[in-house]
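Chemist: dropping the sequence and predicted coords here.
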Amino acid sequence: MSEASSESLSHKVKNNTVQFSKYDFFVVGVLSFLQFTIILDFMILSPLGAILMPAMKIGPAEFGRVVSIYAFSAGISGILVSGFADRFDRKKILLIFYFGFIIGTLFCALATNYIFLLSARLVTGIFGGVIGSIVFAITTDLFPFEARGRVMGFIQTSFAASQILGLPIGLYLANHWGWHFPFLAIVGVSTMALLIILKYLKPIDKHLNNKIDKHPIHHFIETIKNKKYLQAFASIALLSTGGFMIMPFASAFSVHNLKVDLAHLPMVYMTTGICSIIAGPLIGRASDAFGKFNVFLFGSITTIILILIYTHLGETPLYWVMLINALMFVGITARMIPSQALMSAIPTPASRGSFMSVNSSIQQISGGLASIIAGLIVKESIDGHLENFEIVGYIVVGTTLFTLYLMWGIHKRIHEKLN
């Protein structure tokens with residue numbers, strides 16, 4: 001039996017399929033909803049860009065900084081936390097950081113100027129940016145490798161749900177009550193999620209039995225020096241490039257380049273979300289059934305084709321914009337789910353939290369750099385039209401191809417480890 005399987009003996013196996021208990025489904029649901037709030041908090045800036053930039057009287061470069069400062073603060077926070085990530089009950093760490101995330105989001109809602117908003121995003125990033133790594137550490141602790149594609153598939157539906165429910169509602173609230181109001185709504189639903197986690201989620205502390213008694217700094221250094229982890233760190237750095245380079249400017253590109261009416265913009269996000277929320281669980285099951293790397297390969301090819309089409313579009317009918325966006329995000333989802341499932345098998349139980357924290361930090365920092373680079377490449381004309389967006393597309397295609405090569409190496413190593 002593989003190492004990953006032996007950690008989760010409480011799961012029943014029937015017809016070579018892992019059977020989940022009611023509590024397992026509860027955990028997956030809670031983690032998915034938690035991720036929904038975190039992703040929505042980050043993603044809401046993209047569609048609000050067309051409203052926020054004129055309201056704050058800032059350009060693409062300043063807006064890129066608002067996006068990237070979250071990433072940089074999250075990256076630094078993840079590095080600082082990595083030495084302690086395997087020393088405590090994961091539920092307690094999750095509660096602390098989720099509470100901090102709620103406070104940071106509240107500050108965003110209260111922001112009255114560019115500097116205030118920039119500072120609020122920094123606070124939100126310090127706490128919110130680490131939560132993803134905690135979620136994936138919990139997932140790896142509780143579920144065997146053979147079922148992680150399914151679990152990651154459901155958790156990734158939070159990304160789609162944020163587009164189906166969060167972004168259209170957020171845009172509606174912003175159009176009627178201002179851009180501050182969506183952040184207040186996130187604070188409200190996140191507070192409810194915090195209370196549910198506090199009351200119903202059981203302690204997650206079995207990993208403490210594997211803990212090596214080392215100084216936190218030594219634990220962090222050993223994690224980043226581990227040669228087996230370096231390829232995974234490089235892969236995650238490049239995986240985040242596409243989202244951070246394309247997403248922050250997607251709403252402005254749709255409105256000013258594709259000529260999508262601002263009132264119709266929620267339809268674009270809703271259509272994309274519906275397709276992604278259907279595709280997420282299917283992609284997760286396909287990853288477990290047909291091979292995680294095979295699904296990643298499919299997602300990479302799809303992403304490359306759609307990115308090249310999307311970034312070269314001019315004025316486009318609404319139905320074509322919706323179709324292209326939907327297919328593009330299905331491709332991105334087909335990369336993220338199997339890659340996360342593959343990487344979950346890399347760290348040992350004793351360094352799992354540290355590995356996930358460093359991984360998250362690298363993802364956030366590289367994403368922040370990508371956002372800044374995109375902000376320097378993309379230029380805004382007097383009428384709001386974005387120029388040089390196709391150059392961003394070429395960069396994303398290049399990083400996608402190189403990531404494919406790195407993930408092939410990871411796939412081979414994990415296959416050898418588990419067999």
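Modeler: Structure's in. What do you need?
Chemist: ok, and the closest non-adjacent residue to Arg65?
Modeler: Leaving aside its sequence neighbours, Arg65 sits nearest to Leu118 (CB to CB, 6 or more residues apart in numbering; 6.7 Å). Just so you know, the C-beta spots here come from the backbone N, C-alpha and C atoms, and that holds for glycine as well.
Chemist: what about the stretch 51-200 of the chain, any weak spots by pLDDT?
Modeler: 82-86, 159-160, 162-168 (pLDDT under 70).
Chemist: if we can go back for a sec, right, and the residue nearest to Arg65 touches Val67 too?
Modeler: No. The criterion here is CB atoms under 8 Å, and Leu118 misses it with Val67 at 10.4 Å.
Chemist: mind listing what's buried in stretch 39-54?
Modeler: Of the residues in stretch 39-54, 39-53 count as buried by neighbour count, 16 or more other CB atoms under 10 Å.
Chemist: go through those residues and name the one nearest Arg150.
Modeler: Taking CB to CB as the measure, Ile39 is the one of the buried residues of stretch 39-54 closest to Arg150, at 19.4 Å.
Chemist: now do the helices in the stretch 151-300 of the chain.
Modeler: Ranges of helices within the stretch 151-300 of the chain are 167-177, 181-200, 216-225, 227-239, 241-246, 250-256, 265-290, 292-310, based on DSSP state H, counting those that start in this stretch.
Chemist: one step back: can you pull the buried residues of the helix or strand harbouring the residue nearest to Arg65?
Modeler: Using DSSP states H and E, Leu118 maps to helix 114-142. Residues of helix 114-142 classed as buried: 114, 117-142 (neighbour count, 16+ other CB under 10 Å).
Chemist: what of stretch 303-313?
Modeler: By 16+ other CB under 10 Å, the buried positions in stretch 303-313 come out as 303-304, 306-307, 310-311, 313.
Chemist: what about the residue nearest to Arg65, distance to Phe233?
Modeler: 28 Å (CB to CB, to the nearest Å).
Chemist: check Pro281 too.
Modeler: To Phe233, Pro281 is 28 Å away according to CB to CB.
Chemist: make CSV out of the helices of the stretch 151-300 of the chain and add distance to Leu110.
Modeler: Formatted as CSV, those follow (distance: least, CB to CB, whole Å):
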stretch, distance to Leu110
helix 167-177, 14
helix 181-200, 8
helix 216-225, 34
helix 227-239, 33
helix 241-246, 26
helix 250-256, 23
helix 265-290, 25
helix 292-310, 35
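Chemist: and of these, who's closest to Met152?
Modeler: helix 265-290 (5.7 Å).
Chemist: return the set of buried residues in the closest one.
Modeler: Buried residues in helix 265-290 (16+ other CB under 10 Å): 265-277, 279-281, 283-288.
Chemist: and that helix, what does it pack onto?
Modeler: helix 45-56, helix 148-161, helix 167-177, helix 250-256, helix 292-310, helix 318-343 (3 or more CB pairs under 8 Å, 6 or more residues apart in numbering; DSSP states H and E).
Chemist: by contact count, what packs against the shortest one?
Modeler: When you say that, I think you mean helix 250-256. Using 3+ CB pairs under 8 Å, 6+ apart: helix 250-256 touches helix 45-56, helix 265-290, strand 386-387.
Chemist: of these, which is nearest Ile414?
Modeler: Among those, the nearest to Ile414 by CB to CB is helix 265-290 (12.7 Å).
Chemist: got the angle between that closest one and helix 45-56?
Modeler: Counting by axes from the mean of the first three to the mean of the last three CA atoms, to 10 degrees, helix 265-290 lies at 150 degrees to helix 45-56.
Chemist: next, give phi and psi for Lys379.
Modeler: phi -120, psi 140 (degrees, to the nearest 10).
Chemist: tell me how many other residues crowd it.
Modeler: 14 (other CB atoms under 10 Å).
Chemist: look up how far Ile391 lies from it.
Modeler: Counting by CB to CB, the gap from Lys379 to Ile391 is 10 Å.
Chemist: returning to what we had before: okay, the helices and strands packed on helix 250-256 in CSV with distance to Cys108 next?
Modeler: Converted to CSV, the helices and strands packed on helix 250-256 look like this (distance: least, CB to CB, whole Å):
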stretch, distance to Cys108
helix 45-56, 9
helix 265-290, 20
strand 386-387, 24
